[in-house]
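**Student:** the sequence isn't on hand, but the structure is:
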């Protein structure tokens with residue numbers, strides 16, 4: 001699993017299709033174009049400021065990125081916790097993900113009255129439950145709901161994009 005690094009990569013994926021939505025997250029996907037065999041290597045410079053084009057996704061593998069805006073998670077510790085959970089859950093689901101670039105975007109904040117600490121176990125469980133639902137929808141699998149708490153089970157309800 002590769003991580004998105006550049007602004008251009010994020011922009012390309014966010015311009016792609018919305019795969020799934022949950023109460024707090026949205027999963028975007030951009031299908032990767034197959035690499036065409038080049039008969040003769042071209043020695044033109046590529047990158048910023050050059051005339052050549054730069055390949056955004058050079059490695060043919062699933063790519064993942066996380067967008068956690070300050071608008072929805074005010075404290076840096078909360079944003080970092082959410083990003084860590086996103087990358088950990090994506091790593092677990094990597095085997096079932098298609099060869100595409102994915103971005104998980106936080107679209108609503110978690111209630112600070114319900115989750116007092118930014119690194120609390122209930123918050124991490126709620127995040128993991130929603131992300132499992134998102135990635136299960138992206139891979140075509142069904143999420144297991146019977147072991148979830150009622151609040152987490154409600155958050156897992158993944159809707160197809162409209």
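**Tutor:** Yes, it's here. This structure is a prediction, so every number in the text was calculated from the model and none was measured. Residues are numbered from 1 along each chain as shown.

**Student:** and the residue nearest the centre of this structure?
**Tutor:** Taking C-alpha atoms, centre = their mean as the criterion, residue 104 is the residue nearest the geometric centre of the chain, at 2.7 Å.

**Student:** tell me how far residue 128 lies from residue 74.
**Tutor:** Residue 128 sits 21 Å away from residue 74 when distances are taken as C-beta to C-beta, to the nearest Å. For glycine as for every other residue, the C-beta is placed from the backbone atoms N, C-alpha and C.

**Student:** is it true that residue 28 touches residue 14?
**Tutor:** Yes - under the criterion of C-beta atoms under 8 Å, residue 28 is in contact with residue 14, at a separation of 5.5 Å.

**Student:** need the residues touching each of these two.
**Tutor:** Where contact means C-beta atoms under 8 Å, 6 or more residues apart in numbering, the residues bridging residue 28 and residue 14 through contact with each are 103, 105.

**Student:** who has more neighbours, those two?
**Tutor:** A count of neighbours by other C-beta atoms under 10 Å puts residue 28 above the other of residue 28 and residue 14, at 23 against 16.

**Student:** next up, the contacts around the more buried one.
**Tutor:** By C-beta under 8 Å, 6+ apart, the contact set of residue 28 is 13, 14, 16, 17, 18, 19, 102, 103, 104, 105.

**Student:** name the member of these with the most neighbours.
**Tutor:** The member of the contacts of residue 28 that has the most neighbours, counting by other C-beta under 10 Å, is residue 104 with 28 neighbours.
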